[in-house]
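Asks: with the sequence up front, the predicted model follows.
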Amino acid sequence: MSTTAWVILAGAVLTYLTRIGGHLALSRFKRVPPRLEAALDAVPAAVLTTLVAPDVLFAAGPAEWSAIVVAGLVALKRGLLAMFISGAVVLIVLRQFVG
Amino acid sequence: MAEQSARSDFWRGVRAGMPVIVAVLPFGLLFGALAVDNGLSVPQVALMSLTIFGGASQMVGIELFGQKIAPALIVFSIFAVNFRHVLYSAAMGRHIQHWSLWQKAAGFFLLTDPQYAEAERAVEQTGRLGFAWYMGLGLALYSAWVANSVIGAVFGRLIHNPEALGVDFLLPIYFLGLVMGFRKRPNWLPVVAVSAVASVLAYRFVGSPWHVSLGALAGIILAAILPPSAITEGDLAETAERSEP
């Protein structure tokens, strides 16, 4: 088997370990302590924020910023799909005019 | 009866995956095209998507394959990019206590960013996380990802200017939508603000991909330290609503 295939399989095994690891580490708690519960409740917003913030600051210009603002405002009133489509439309339209 | 409801739960999960599939479709195609560009064969592209199933880490992997870097370092980079899944995995345990060992083993294999976010959304809305629904969502995303990366590998040359279609910025928009969806949770604003600032600082001074784990950790630690925010009437009404069958 080629080196490439071995690298892929080793990467896959380690990736699976990250996906079960957190659960294995916590499964020894019979009941989740309140502070840990509060921390776990914050996981989705905290992680997903880090996937947005640096891109908005470093990899974006007027078109991307407008898309983010419009999408953020739509998200206050409407569902995920409406929010996503409006952001994408603003982005694609503005990119035709601004680099 | 039970089997029938599991089947309809499965298809509800598949439907929940549709917006994600649309958002991720260009990335699958792009990944396949770039992978072939960087010297991978079509079967290797398929192997990577089938076994790793993590878009960002696969992109980093093929980037390094193209640069003649030590194999161990490529493996470690894939691991580093995927390290954030540890947090998802830790947070999921509370919702899947009723799953069997094998259900958990299979479920965790499919635990990607959108999978985790949609699962938390389902818990938020229905109060539980069913295995059939979860697998419907996960297998829909999985098969779409594998299919798109293979299509991209075979027809890669056809994508000329992905930037004009906004491809590179669709995921941040989608992730922002998910962040906004959790805004009713306790201490949401301070958590988001601290994670944003910390991830930007870590991106600048430590480097990618560690800004994800470090930034998230800052927000999560803050949530553990802060007193739980007082329950407002709105929250109470919502809790009552949620407990309706």
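Replies: That came in fine, so what should we check first?
Asks: where do the strands of chain B begin and end?
Replies: Here chain B has no strands by DSSP state E.
Asks: no wait, chain A
Replies: Assigned strands in chain A: none (criterion: DSSP E).
Asks: any chance you could map the helices in it?
Replies: Ranges of helices in chain A, per DSSP state H, are A:3-26, A:34-41, A:43-50, A:53-58, A:62-77, A:80-97.
Asks: could those go into JSON lines alongside mean pLDDT and mean neighbour count?
Replies: C-betas here are computed from N, CA, C, even on glycine. Listed next are these as JSON lines, based on pLDDT from 0 to 100; neighbours: other CB atoms under 10 Å in any protein chain shown:
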{"stretch": "helix A:3-26", "mean pLDDT": "95", "mean neighbour count": "19"}
{"stretch": "helix A:34-41", "mean pLDDT": "87", "mean neighbour count": "18"}
{"stretch": "helix A:43-50", "mean pLDDT": "89", "mean neighbour count": "28"}
{"stretch": "helix A:53-58", "mean pLDDT": "91", "mean neighbour count": "18"}
{"stretch": "helix A:62-77", "mean pLDDT": "94", "mean neighbour count": "18"}
{"stretch": "helix A:80-97", "mean pLDDT": "88", "mean neighbour count": "18"}
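Asks: of all those helices, which one is nearest residue B:25?
Replies: Across those, residue B:25 has its closest neighbour in helix A:80-97 (12.2 Å, CB to CB).
Asks: what residues does the closest one touch?
Replies: A:62-64, A:66-68, A:70-71, A:74-75, B:19, B:23, B:163-166, B:169-170, B:173-174, B:176-178, B:180-181 (CB atoms under 8 Å, 6 or more residues apart in numbering or on different chains).
Asks: can you check stretch B:144-156 too?
Replies: B:17, B:21, B:24-25, B:27-37, B:40, B:42, B:45-46, B:48-50, B:53, B:55, B:58, B:159.
Asks: mind giving me the PyMOL select for those, buried ones only?
Replies: To isolate the buried ones among these in PyMOL, judged by 16 or more other CB atoms under 10 Å in any protein chain shown, type:
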select buried, chain B and resi 17+21+24+25+27+28+29+30+31+32+33+34+35+36+40+42+45+46+48+49+53+55+58+159
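Asks: could you pick out which of the contacts of stretch B:144-156 are near chain A?
Replies: B:40, B:48, B:53 (CB under 8 Å from any CB of the partner chain).
Asks: where's the dip in pLDDT among these?
Replies: On pLDDT alone, residue B:40 ranks lowest of those, at 91.
Asks: contacts only, for that one.
Replies: Residue B:40 neighbours (CB under 8 Å, 6+ apart): A:4, B:48, B:62, B:65, B:153.
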